[in-house]
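Asks: Would you be able to build a 3D model of this:
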Amino acid sequence: MATKEQMLRLKFIEEFLRRRKDKGASFEELNDYLTRKYEDKDIEEEKLKFTKRTFLRDKATISEVFGIEILYRRSTNTYAIASDEIDGEQENVFDNLLLVEAYREVKGRKDVMFFEQRKSRGLHWLNGLVHAITHQKIIALNYTKFWEGIPYKKTVEPYALKEFRNRWYLLANEWDGKDFFLKTFGLDRISDLEISGSSFKRENIEVGEIFMNSFGIISADEQKPEEIVLSFDAEQGQYIKTLPMHHSQSVLIDNDEEYRIQLTLVPTYDFEREVLSHGERVKIISPQSFREHLFDEVKNMLKNYKK
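Replies: Predicted structure coming up:
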């Protein structure tokens, strides 16, 4: 198992090379950077050793585990990330390494790091589900719907896991002998999970493509995506700029008065809630149908605030 120092080193290497972009960095520059970072962390001197051989092993590990290729450029004797290929999931893995390390340094103090208290349960199922997905094993579980409160026995073919708003969901096919249909199951509502010895033949589908035009956990169900234009005040726009609402987000206006974006997606229920959460600081420019739909939604909401 990788040590704390090894995990940090992988993150620091990736962090430094990404910051250097096309310029890249020599081994000596990487070594100097790591030395400074390690000194900041007060890591013992004997653990600071970073040889060329160590770096080459780290380089191979970063490629194998995280899918990030680091190229050597002989003409400049530098190393650089092949392309800006890291995606959100890989970025989260690296960030979580630093989060774990920061938590360790806190040493139990509860007045330093304040975590979000609204955390869903069910994360203890993650390892078993990852195993079932990668080995294409049928699983049985009890699932309780919020609006019923009664656990139902389900036998499903697991395909993927998806996160949304601090909750994790299992995407699985509940086979009825006729049709393939990917359903979502909240991990916090699963109990009595069992991984069977039976395997299933995975359908030739790309789960990522199913949610390509969606926001959240509701799939688009082959609906045609729409071009949605939203306008935020300049201050709120800074939040939308640093945490985009959707991968399709493109900027139309960015000045001292307005931050306007265009999104291409299917406006599912999850997306409607997201837009409404910005209150008076967002305006729906287009399409008119979406604007009118949320206008009716707001009118119905106002009924709950009447005396």
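Asks: quick one: average pLDDT of the helix or strand harbouring L126?
Replies: Element membership for L126 (DSSP states H and E) is helix 126-134. The average pLDDT within helix 126-134 is 90.
Asks: so after it, what's the next helix or strand?
Replies: Next element after helix 126-134 (DSSP H and E): strand 137-144.
Asks: returning to what we had before: what inclination does the helix holding L126 have with respect to strand 137-144?
Replies: Relative orientation of helix 126-134 versus strand 137-144 (axes from the mean of the first three to the mean of the last three C-alpha atoms, to 10 degrees): 130 degrees.
Asks: Can you name the element that comes right after the host helix or strand of I261?
Replies: According to DSSP H and E, I261 maps onto strand 258-265. Next along the chain after strand 258-265, taking DSSP H and E as the criterion, comes helix 269-276.
Asks: Go through that following helix and flag the buried ones.
Replies: F271, E272, E274, V275 (16 or more other C-beta atoms under 10 Å). No exception for glycine: its C-beta is placed from N, CA and C like everyone else's.
Asks: could you dump those residues to TSV with pLDDT?
Replies: What follows is the buried residues of helix 269-276, written out as TSV (pLDDT from 0 to 100):
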residue	pLDDT
F271	93
E272	94
E274	93
V275	94
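Asks: Let me know the closest of those residues to G24.
Replies: E274 (38.6 Å; C-beta to C-beta).
Asks: roughly how far apart are the closest one and F164?
Replies: 11 Å (C-beta to C-beta, to the nearest Å).
Asks: Name the residues contacting each of those two.
Replies: Both E274 and F164 are contacted by G216, under the criterion C-beta atoms under 8 Å, 6 or more residues apart in numbering.
Asks: Do a quick rundown of the strands in the stretch 51-200 of the chain.
Replies: For the stretch 51-200 of the chain, applying DSSP state E, counting those that start in this stretch gives strands covering 70-73, 78-81, 137-144, 151-164, 167-173, 182-186, 190-199.
Asks: so of those, which one's packed in deepest?
Replies: The highest mean neighbour count among the strands of the stretch 51-200 of the chain, using mean count of other C-beta atoms under 10 Å, belongs to strand 167-173: a mean of 21.
Asks: So what touches it?
Replies: 120, 122-123, 125-126, 129, 139, 156-163, 180-188, 190, 203, 207, 217.
Asks: again with stretch 216-230
Replies: With C-beta under 8 Å, 6+ apart, stretch 216-230 has contacts from 162, 164-165, 167, 169, 182, 184, 210-214, 245, 252, 260-271, 274-275, 282-287, 290.
Asks: show me where the chain has helices.
Replies: In the chain, the helices defined using DSSP state H lie at 4-20, 27-40, 52-66, 88-106, 126-134, 207-210, 234-242, 269-276, 288-302.
Asks: Going by neighbour count, which residues of the third one are buried?
Replies: Read it as helix 52-66. Buried, per 16+ other C-beta under 10 Å, within helix 52-66: F55, D58, K59, I62, F66.
Asks: How about S248, nearest residue that isn't a chain neighbour?
Replies: Of all residues not flanking S248 in the chain, T264 sits nearest, at 4.3 Å (C-beta to C-beta, 6 or more residues apart in numbering).
Asks: Over to H278?
Replies: Q236 (6.5 Å).
Asks: Verify the stated contact: the one you found with E258.
Replies: No - applying C-beta atoms under 8 Å as the test, Q236 and E258 come out as separate, 10.1 Å apart.
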